[in-house]
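1. sequence first, predicted model second:
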Amino acid sequence: MQFKHPEILYFLFLLLIPILVHLFQLRRFKKEYFTNVRFLKELSIQTRKSSKLKKWLLLATRLLILACIVLAFAQPFFKAKDSNNTTNEMYIILDNSFSMQAKGQKGELLKRAVEDLLEHAPENQTFSLITNSETFWNTDVKSIQKELQNLKYSAFPFQLESLMAKVKSRKSPYNKDVIIISDAVGLEAKDLKSISPEFNTYFINPKGEQKNNISIDSVFIENTLDNFYEIGVKLLAYGENSAETPIAIYNNKKLIAKTLVQFEEKQKTINFTIPKEDFHGYASVSDNSLEYDNQLFFSITKPEKTNVISIGSAEKSQFLSKIYTEKEFAYSNFELNALDYNLLEKQDAIVLNELKEIPQALQTTLKSFIEKGGNVVLIPSEESSVSNLNSFVSNFGNIQFKTLQNTEKAITKIAFNHPLYASVFEKKIDNFQYPNTKNGFQVASNSPAVLGYSDQSAFLTALQNQVASLYVFSASINKANSNFQNSPLIVPTFYNMAQSSQKTGVSAIKIGNNSPVLVDALMAKDEIVSVKNTEENFVPVQQILNNKVKLTFNDYPQLAGNFGIYKKDELLKNISFNYDRTESNITSANSDLLDDYKVIDSIETVFDTLQTDRTNNEIWKWFLFLTLLFLITELFIQKFVK
């Protein structure tokens, strides 16, 4: 037991006063004489004994009364069990990622966590609240009540390491109490290493009852027909999904196709046929689990002709005219000495076909061309200078031409997962009739080969930036040196190398993915473009590139949906944004990782535990109660003890 005011205990010396009073009374018994002496003598002895007992009882009660009063004013207490952490600062990390949409016994996990915080956090408790998307420093529950009630789900997954970094960034002489509220979806052991052992850390781990979930993973063009697109919608199923699930396609909110899907496996692709025209809509499924991944918004722009120029001998470039047909391409070939440089910036792809030398002026122009989103294909000539080739390719990455080797080699390695071939092969082919080359340069690069020889060296390498690619062949592909032109690979390879992902294909951007988008637009110096729909309007980071605008969206928009890119009121392009699907697998929650931490069932329990462990047990009120009790006891002694 300890005392807040131990100096008051000196007043216990006052206990000597009642002792002295009782021991040195001046009052004495007077002698009275009666005739019957024997009877009076016995009465006198009984009276003396009774009075003596009463005096000692009164002395004891008065001593106890005085002692209890002194002790009460000294304010005794028992020290709190966790008294060393009473000055701790509190930080609450609240996971508001989409996996917290899962429903528990009392509703959605996030909404229930917010309700618990509003109901049970003491009004005078100061804390900092950190979510995936917002941060509130040194606040209290009353100050942020409205913000908590309106807290939205975040497009960013729960990343404990980055959230703990924010806590650590708050320098303070005091230790920290950290309360982490998360369903542990996506939590890994390495994330827990970010928690400082000095912190007093509690986990609240709400769990959803429904573990099954269906997610729309992606949409892509499976086939391009004369008047139609055949699109594939890839679905992923988590948990046990035995019931048939409806899936539909909407264009501008108008239903255009619908079917039922049955999951025999965890992954399934459903094909739909849509008109070959502008599409601005979404795919939708209906399940009873997470909602955020039930829609995938996408846009398809009506195909425009792709502008392609090849530079080189007309005779050696004839095969390109058979691939780049008038129906889909605006193709032309120029000899190097007849090339109009002004035409280059208007192209989508440029093929350098067996040039003996690439002039410095052309190198500079092509470097700018790739930076602005154009693709370049380099086919070397047997007579090309290694130094000249290296001077050109060094502008785009770590790649180097070495000596020309006069060795016949077969092209046997295909990177089936590379974007060039992602939609070309339905499955990997083992008995393919592989083409070959008679001679070629040895090429060293950090980039993996798209096509490779049987000796593991590269035949075709792709150097990619955010908006374009440089495709580098290691050998010439004229008929005298190679039968590659007769190979089935020739058409998809050159077709896809010329296509710009910015002009064709499906637009379905993940929010938070900072890959830039190029938009055709002639912009004045002070003009800007904006991105908007009926719910949001924002201005992306933008850079004017001649007749294009390069846009970077960072963390915008906040909500998934279909948007338009506008120059004032002029619609330049339709674009679609979606949430990342990293939170879709609810079954990935690994609560076992938290076994070494304090796991509490609710926010109420945390506050009750902290208050109990850190509050001193003050007992001065008990001494006031004892004072009153002894006063009553003295009154009873005075009245009933003779």
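-> Done, it's in.

2. how about the helices in the stretch 201-350 of the chain?
-> 318-323 (DSSP state H, counting those that start in this stretch).

3. okay, strands next: where are they in it?
-> 213-224, 228-238, 245-251, 254-261, 267-275, 279-285, 295-300, 306-312, 329-334, 349-353 (DSSP state E, counting those that start in this stretch).

4. how far is the fifth one from where the chain is centred?
-> Going back to what we said before, that points to strand 267-275. Taking C-alpha atoms, centre = their mean, to the nearest Å, the mean C-alpha location of strand 267-275 is offset from the chain mean by 29 Å.

5. give the rounded mean pLDDT of that strand.
-> For strand 267-275, mean pLDDT rounds to 91.

6. now Ile204, nearest residue through space, not along the chain?
-> Ile181 (4.5 Å; C-beta to C-beta, 6 or more residues apart in numbering). Placement of C-beta: from N, CA and C, glycine included.

7. ok, now Leu296?
-> Ile216 (4.1 Å).

8. do you know how far that neighbour is from Gly561?
-> Separation of Ile216 from Gly561 (C-beta to C-beta, to the nearest Å): 14 Å.

9. how about Ser474?
-> Taking C-beta to C-beta, one finds Ser474 at 45 Å from Gly561.

10. burial check on Tyr91, number of neighbours?
-> Number of residues near Tyr91 (other C-beta atoms under 10 Å) recorded here: 23.

11. got the contact list for it?
-> 127-128, 130, 167, 170, 176-179 (C-beta atoms under 8 Å, 6 or more residues apart in numbering).

12. same question, Leu366
-> Here Leu366 is in contact with 344, 350, 352, 358, 376, 392 (criterion: C-beta under 8 Å, 6+ apart).

13. where along the stretch 401-550 of the chain do the strands fall?
-> 409-414, 436-437, 440-445, 449-453, 458-464, 469-473, 506-507, 509-510, 517-520, 530-532, 537-538, 541-545, 548-552.

14. what residue spans form the domains of the protein?
-> Per automatic domain parsing, the domain ranges recorded for the chain read 2-79+619-640, 84-207+589-615, 217-294, 306-498, 506-576.

15. between the two ends of the last one, how far is it?
-> Across its full length, domain 506-576 reaches 9 Å end to end, with C-alpha to C-alpha, to the nearest Å as the criterion.

16. go on, stretch 201-218?
-> For stretch 201-218, the end-to-end distance is 39 Å (C-alpha to C-alpha).

17. begin at 854 from now on, thanks
-> With the count now opening at 854, the last piece we talked about shows up as stretch 1054-1071.

18. can you list the weak-confidence ranges in the protein?
-> By pLDDT under 70, the weakly predicted segments of the chain are 854-858, 877-904, 930-939, 1276-1285, 1353-1357, 1464-1471, 1473, 1495.

19. so for it, the centremost residue is which one?
-> Pro1010 (2.2 Å; C-alpha atoms, centre = their mean).

20. could you look up the SS state of it?
-> coil (DSSP: H, G, I helix; E, B strand; the rest coil).

21. ok, now how distant is the residue lying closest to it once chain neighbours are set aside from Ser1035?
-> Nearest residue to Pro1010, sequence neighbours excluded (C-beta to C-beta, 6+ apart): Thr1435, at 4.6 Å. Noted for Thr1435: a distance of 14 Å to Ser1035, by C-beta to C-beta.

22. just Ser1022 next, same as before
-> In terms of C-beta to C-beta, Ser1022 sits 20 Å off from Ser1035.

23. which one of these two is surrounded by more residues?
-> Between Ser1022 and Ser1035, counted using other C-beta under 10 Å, the more crowded position is Ser1035 (26 against 7).

24. and the closest residue to the more buried one other than its chain neighbours, how many neighbours?
-> Once flanking residues are discounted, Ser1035 sits nearest to Asp948: 3.6 Å by C-beta to C-beta, 6+ apart. Counted with other C-beta under 10 Å, the neighbours of Asp948 add up to 28.

25. now do the contacts for Asp948.
-> So Asp948 contacts 963, 984-985, 1011, 1033-1036 (C-beta under 8 Å, 6+ apart).

26. any idea how far it lies from Ala1413?
-> 19 Å.

27. and if you look at Ala966?
-> Ala966 is 23 Å from Ala1413, by C-beta to C-beta.

28. and those two? Which one has more around it.
-> When neighbours are counted by other C-beta under 10 Å, Ala966 and Ala1413 differ, and Ala966 comes out ahead with 25 against 22.

29. residues contacting Lys1291?
-> Here Lys1291 is in contact with 1259, 1261, 1333-1335 (criterion: C-beta under 8 Å, 6+ apart).

30. buried ones among those residues?
-> 1334-1335 (16 or more other C-beta atoms under 10 Å).

31. dump the contacts of Lys1291 into CSV; add distance to Pro1099 as well.
-> What follows is the contacts of Lys1291, written out as CSV (distance: C-beta to C-beta, whole Å):
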residue, distance to Pro1099
Asn1259, 62
Glu1261, 56
Ala1333, 58
Asn1334, 55
Ser1335, 51
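
32. from the contacts of Lys1291, pick the one nearest Ser1234.
-> The nearest member of the contacts of Lys1291 to Ser1234, counting by C-beta to C-beta, is Asn1334 at 9.7 Å.

33. beta partners for Leu1113?
-> Leu1113 has the following beta-bridge partners by DSSP bridges: Pro1099.

34. so it versus Leu1089, what's the distance?
-> Counting by C-beta to C-beta, the gap from Leu1113 to Leu1089 is 17 Å.

35. more neighbours, these two?
-> Counted by other C-beta under 10 Å, Leu1113 and Leu1089 do not tie: Leu1089 has more neighbours, with 18 against 10.

36. which residues in the stretch 854-1003 of the chain form helices?
-> Counting by DSSP H, counting those that start in this stretch, the helices of the stretch 854-1003 of the chain are 869-876, 890-927, 962-973, 998-1002.

37. winner for burial among the ones you listed?
-> Greatest average neighbour count among those goes to helix 962-973 (a mean of 19), per mean count of other C-beta atoms under 10 Å.

38. packing partners for that helix?
-> strand 942-947, helix 998-1002, helix 1456-1467 (3 or more C-beta pairs under 8 Å, 6 or more residues apart in numbering; DSSP states H and E).

39. by how many degrees do that helix and strand 942-947 diverge?
-> Helix 962-973 and strand 942-947 are oriented at 150 degrees to each other (axes from the mean of the first three to the mean of the last three C-alpha atoms, to 10 degrees).

40. hmm, who's touching helix 962-973?
-> With C-beta under 8 Å, 6+ apart as the criterion, helix 962-973 contacts 945, 947-949, 953-957, 959, 994, 998, 1001-1002, 1004, 1006, 1034, 1036, 1057, 1059-1061, 1455-1457, 1460.

41. does Thr1218 count as helix, strand or coil?
-> Going by three-state DSSP: Thr1218 is helix.

42. right, and it touches Leu1197 too?
-> Yes - the pair Thr1218 / Leu1197 is scored as a contact, 5.7 Å apart, by C-beta atoms under 8 Å.

43. about what we covered before: ramachandran angles for the residue nearest to Ser1035?
-> phi -80, psi 110 (degrees, to the nearest 10).

44. same question for Pro1050.
-> Per degrees, to the nearest 10, the backbone of Pro1050 is at phi -60, psi -20.

45. what number of residues lie near it?
-> 5.

46. from Ala1328, how far out is it?
-> From Pro1050 to Ala1328 the distance is 59 Å (C-beta to C-beta).

47. do the same with Ala1377
-> 47 Å.

48. and these two? Which one has more around it.
-> Ala1328 (26 against 8).

49. which residues touch that one?
-> 1233, 1290, 1292-1294, 1312, 1334-1335.

50. one more time with 7 Å
-> Ala1328 sits next to 1290, 1292-1294, 1312, 1334-1335 when contact means C-beta atoms under 7 Å, 6 or more residues apart in numbering.

51. need those in TSV (columns: distance to Asn1080).
-> Converted to TSV, the contacts of Ala1328 look like this (distance: C-beta to C-beta, whole Å):
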residue	distance to Asn1080
Thr1290	39
Asn1292	45
Gly1293	42
Phe1294	44
Phe1312	36
Asn1334	40
Ser1335	36
